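1. Here you go, sequence then predicted model.
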Amino acid sequence: MVSKPHGGRIVRRVASDKTRERILSEQNEYPRIYVEHGEAIDVENIAHGIYSPLTGFLTDEDYTSVLHHMRLSDDTPWTIPIVLDVSKPDFGEGDAVLLYHRNIPVARMHVEEIYRFDKREFAEKVFKTTDPTHPGVSRVNAMGKYLVGGEIELLNELENPFSDYTLRPVETRVLFRERGWKTIVAFQTRNVPHLGHEYVQKAALTFVDGLFINPVLGRKKSGDFRDEVIIKAYEALFQHYYPKDAAVLATVRYEMRYAGPREAIHHAIMRKNFGATHFIVGRDHAGVGDYYGPYEAWEIFDEFPDLGITPMFIREAFYCRKCGGMVNAKICNHDEEFRVRISGTKLRKMIAESKAPPEHMMRREVFEAIRGFENPFVE
């Protein structure tokens, strides 16, 4: 059956129309906190239950427990601190404040706690490094001195150009049940699909009822594929190479932390809340640089037998000239000279030069979908 929500229920923290109207009419009476895009996305993910069982930003007890034990204070598995930082609060505990992003009030927050935190400890525990060149560490170093914990109520959504592909956990759960899927494997991606991705997805689909492709949309670095390109590429793959009732494509907005193994658990929890029973874990899932071991993101799942979603560890795929198809090291015994590995860097270079990648690297229909964009990359 569709997995139970993490913590037992899908959280919904969206203000009713009447409450929203009243709050907005009184907005000048509230203290304000201006939040960055990533924090505004966290607000949405809390409000719509993607971060269930969280109802707001972490208080000190939960923050400390997550940092040191990778669990909330009630022992629920949780690995990434979802926190709101401020430099100098001009409000107190017990107050209600409004969270603004680009002058739009996105949520009301009931301030339960204001507390200091150690940035170095945060970085060491979550990212296993204090190297300021690590993108996650850099973000922590730029945070204010205080964290504010408390429940939120969503008032306004951020502009969403991909609303047609946006499904919330309450919606995906209904969809999976309507399709009669009892077992669902989720696949997270930030890239256009190549044959290696397709191999992994279909290998996992062999063992379950349905496949849930869940691209992460949001801030990207220069050279990454643009969000709309990823969507079009997957549309082409679905149209030509997936049975209609076997797979679902829906996006999620989320800012990567690049926390490696800890973030792999967090990603699994998010997909559990969507209703997935299984989750494909990449070899260096949510990694960056060489901060994490090649299989750390797999090994950490041994510490969470109570996670409530089954990880699937499928080895990296490559094309074998001797086998004549896509395989992995577990099922192919041929020497390295016969193995053609798919390089994301090479694929990007070919696409930038409008050269069609070989058929053992990328489907022609996917390439044509990408080529339909004048510039498919983030500048």
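-> Arrived safely, thanks for sending. Just so we're clear, the structure is a prediction, and the values are computed from it rather than from any experiment.

2. what about the nearest residue to residue 67 once chain neighbours are set aside, how many neighbours?
-> Once flanking residues are discounted, residue 67 sits nearest to residue 125: 4.7 Å by C-beta to C-beta, 6 or more residues apart in numbering. Where C-beta positions appear, they are placed from N, C-alpha and C, glycine not excepted. By the measure other C-beta atoms under 10 Å, the count of residues near residue 125 is 17.

3. With residue 39 instead?
-> 20.

4. my guess is it contacts residue 100, does it?
-> No - the pair residue 39 and residue 100 fails to qualify as a contact (C-beta atoms under 8 Å) at a distance of 10.7 Å.

5. Quick one: name whatever helix or strand follows the helix or strand of the chain with the lowest mean pLDDT.
-> In the chain, no helix or strand scores lower on mean pLDDT, DSSP states H and E than helix 344-352, which sits at a mean of 92. For helix 344-352, the following helix or strand on the C-terminal side (DSSP states H and E) is helix 364-371.

6. Helix 344-352 and that next one, what's the angle between them?
-> 70 degrees (axes from the mean of the first three to the mean of the last three C-alpha atoms, to 10 degrees).

7. List of residues touching helix 364-371?
-> With contacts defined as C-beta atoms under 8 Å, 6 or more residues apart in numbering, helix 364-371 is touched by 192-194, 225, 229, 232-233, 235-237, 239-241, 351, 354, 356-357, 376.

8. Just the buried residues of that helix, please?
-> 366-367, 369-370 (16 or more other C-beta atoms under 10 Å).

9. Just the closest of these to residue 31, please.
-> residue 370 (46.5 Å; C-beta to C-beta).

10. hmm, back to that, which of the contacts of helix 364-371 are buried? Put it as a PyMOL command.
-> Burial among the contacts of helix 364-371 is assessed by 16+ other C-beta under 10 Å; the matching PyMOL selection reads:
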select buried, resi 192+193+194+225+229+232+233+236+237+351+357+376
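
11. The contacts of helix 364-371 in helices, which ones?
-> Filtering the contacts of helix 364-371 for membership in helices, criterion DSSP state H, returns 229, 232-233, 235-237, 239-241, 351.

12. Where do the strands of the stretch 251-379 of the chain begin and end?
-> Ranges of strands within the stretch 251-379 of the chain are 252-253, 278-280, 310-312, 317-320, 325-328, 339-340, based on DSSP state E, counting those that start in this stretch.

13. and the fourth one, how far out from the chain's middle?
-> In this case it means strand 317-320. Its chain's C-alpha centre lies 27 Å from the corresponding centre of strand 317-320 when counted by C-alpha atoms, centre = their mean, to the nearest Å.

14. Give me the packing partners of that strand, helices and strands only.
-> Applying 3 or more C-beta pairs under 8 Å, 6 or more residues apart in numbering; DSSP states H and E, one finds that strand 317-320 contacts helix 195-205, strand 325-328, strand 339-340.

15. ditto for the fifth one
-> Counting contacts by 3+ C-beta pairs under 8 Å, 6+ apart, strand 325-328 is packed against helix 195-205, strand 317-320.

16. can you list these in JSON lines and add mean pLDDT?
-> As requested, the helices and strands packed on strand 325-328 are exported to JSON lines (pLDDT from 0 to 100):
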{"stretch": "helix 195-205", "mean pLDDT": "96"}
{"stretch": "strand 317-320", "mean pLDDT": "96"}
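
17. pull the CA atoms of stretch 105-121 into CSV?
-> Output in CSV follows, covering the C-alpha atoms of stretch 105-121 (Å, rounded to 0.1, in the frame of the first residue of the first chain):
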residue,chain,number,x,y,z
PRO,A,105,4.0,38.1,2.8
VAL,A,106,4.4,34.4,2.4
ALA,A,107,3.5,33.2,5.9
ARG,A,108,2.6,34.0,9.5
MET,A,109,4.9,32.5,12.1
HIS,A,110,4.1,32.0,15.8
VAL,A,111,7.5,32.5,17.5
GLU,A,112,8.0,29.8,20.1
GLU,A,113,11.7,30.2,20.6
ILE,A,114,14.7,32.4,19.7
TYR,A,115,18.1,30.8,20.3
ARG,A,116,21.8,31.1,19.5
PHE,A,117,23.6,28.4,17.6
ASP,A,118,27.2,27.4,16.7
LYS,A,119,27.8,27.7,13.0
ARG,A,120,30.9,25.5,13.1
GLU,A,121,29.1,22.8,14.9
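
18. Can you point out the buried residues in it?
-> So for stretch 105-121, counting by 16+ other C-beta under 10 Å, buried means 105-111, 113-115, 117.

19. What residues does the most far-flung residue of the chain relative to its centre make contact with?
-> No residue in the chain sits farther from the centre than residue 322, which is 36.7 Å out by C-alpha atoms, centre = their mean. Residues near residue 322 by C-beta under 8 Å, 6+ apart: 332, 334, 338.

20. Nearest to residue 203 among the residues you listed?
-> Checking the contacts of residue 322 against residue 203 with C-beta to C-beta, the nearest one is residue 332 at 13.3 Å.

21. Give me the phi and psi angles of that closest one.
-> phi -120, psi 130 (degrees, to the nearest 10).

22. need the contact list for it.
-> 318, 320, 322-323, 339.

23. returning to what we had before: among the helices and strands packed on strand 317-320, which is nearest residue 13?
-> Closest to residue 13 of the helices and strands packed on strand 317-320, according to C-beta to C-beta: helix 195-205, at 32.2 Å.
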